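Enquirer: Sequence and predicted structure are below.
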Amino acid sequence: MKLTTQSYYAVKALLDLTCHRDQPAVSVNTIAQRQNLPAPYLEKILLKIRRAGLIKSVRGAQGGYQLACAPEKISLGAILTAVGDSIEPLPPVEYDKNSPEDWVTASVWRRLNRKLKEAVFEISLADLYYDARSRQADLGGGNNFIV
């Protein structure tokens, strides 16, 4: 699985929204500034995530974005899918169907692929949030942190 910059920025932005979910909405510029991301590129990424239903937009002077549901219900796999990244951990394996050894090897790679893919969908945004909070506490940081 190869993660693009889009995926990396998407996860950071959604973690930022998770950290500030007590606010009515968070602007793209605020997220970009807090996470040190380019705002125009982030806006395009957030539009993809909104279309996937993971976040919602709020219009007006105090507008911006907020999570569409609880962080526990948003998986890492859903975020990656929303931005169009492949969630296939390993490429398909070519094998000789007449060779038992090749068949067994390919079977192992398919099983591993399936398990890794399942794991990506089992990791929630809440899990990532608590990991980041724990790390921030270990470093002695405050409430605002760069993910």
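Expert: Perfect, thanks for sending it.
Enquirer: rest of the way, CA atoms for contacts and neighbours
Expert: OK.
Enquirer: hey, which helix is longest across the protein?
Expert: Under DSSP state H, the helix in the chain containing the largest number of residues is helix 100-122.
Enquirer: contacting residues for L14?
Expert: L67, L125 (C-alpha atoms under 8 Å, 6 or more residues apart in numbering).
Enquirer: list the buried ones in the helix or strand encompassing it?
Expert: Per DSSP states H and E: L14 is located in helix 5-19. Under the neighbour-count criterion of 16 or more other C-alpha atoms under 10 Å, helix 5-19 has 6-7, 9-19 buried.
Enquirer: Helices of this protein, residue ranges please.
Expert: With DSSP H as the criterion, the chain has helices spanning 5-19, 28-35, 39-51, 76-82, 100-122, 125-138.
Enquirer: will you turn the ones you listed into JSON lines that also has mean pLDDT and distance to R59?
Expert: Output for the helices of the chain, formatted as JSON lines (pLDDT from 0 to 100; distance: least, C-alpha to C-alpha, whole Å):
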{"stretch": "helix 5-19", "mean pLDDT": "95", "distance to R59": "16"}
{"stretch": "helix 28-35", "mean pLDDT": "96", "distance to R59": "12"}
{"stretch": "helix 39-51", "mean pLDDT": "97", "distance to R59": "13"}
{"stretch": "helix 76-82", "mean pLDDT": "95", "distance to R59": "22"}
{"stretch": "helix 100-122", "mean pLDDT": "85", "distance to R59": "31"}
{"stretch": "helix 125-138", "mean pLDDT": "85", "distance to R59": "24"}
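Enquirer: Q62: which of the ones you listed is closest?
Expert: helix 28-35 (11.6 Å; C-alpha to C-alpha).
Enquirer: Packing partners of that closest one?
Expert: If you count contacts as 3 or more C-alpha pairs under 8 Å, 6 or more residues apart in numbering; DSSP states H and E, helix 28-35 packs onto helix 5-19, helix 39-51.
Enquirer: on that earlier part again, mind exporting the longest helix of the chain as PDB, just the C-alpha atoms?
Expert: What follows is helix 100-122, C-alpha atoms only, in PDB (Å, rounded to 0.1, in the frame of the first residue of the first chain):
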ATOM      1  CA  PRO A 100       1.500 -26.300  -6.000                       C
ATOM      2  CA  GLU A 101       4.300 -24.200  -4.500                       C
ATOM      3  CA  ASP A 102       3.200 -21.200  -6.500                       C
ATOM      4  CA  TRP A 103      -0.400 -21.700  -5.500                       C
ATOM      5  CA  VAL A 104       0.500 -21.900  -1.800                       C
ATOM      6  CA  THR A 105       2.700 -18.800  -2.000                       C
ATOM      7  CA  ALA A 106       0.000 -16.900  -3.800                       C
ATOM      8  CA  SER A 107      -2.600 -18.100  -1.300                       C
ATOM      9  CA  VAL A 108      -0.400 -16.800   1.600                       C
ATOM     10  CA  TRP A 109      -0.100 -13.400  -0.100                       C
ATOM     11  CA  ARG A 110      -3.900 -13.200  -0.700                       C
ATOM     12  CA  ARG A 111      -4.600 -14.000   2.900                       C
ATOM     13  CA  LEU A 112      -2.000 -11.400   4.100                       C
ATOM     14  CA  ASN A 113      -3.500  -8.800   1.700                       C
ATOM     15  CA  ARG A 114      -7.000  -9.500   3.100                       C
ATOM     16  CA  LYS A 115      -5.900  -9.200   6.700                       C
ATOM     17  CA  LEU A 116      -4.000  -6.000   6.100                       C
ATOM     18  CA  LYS A 117      -7.000  -4.500   4.300                       C
ATOM     19  CA  GLU A 118      -9.300  -5.500   7.200                       C
ATOM     20  CA  ALA A 119      -6.900  -3.800   9.700                       C
ATOM     21  CA  VAL A 120      -7.000  -0.500   7.800                       C
ATOM     22  CA  PHE A 121     -10.800  -0.500   8.200                       C
ATOM     23  CA  GLU A 122     -10.600  -1.500  11.900                       C
END
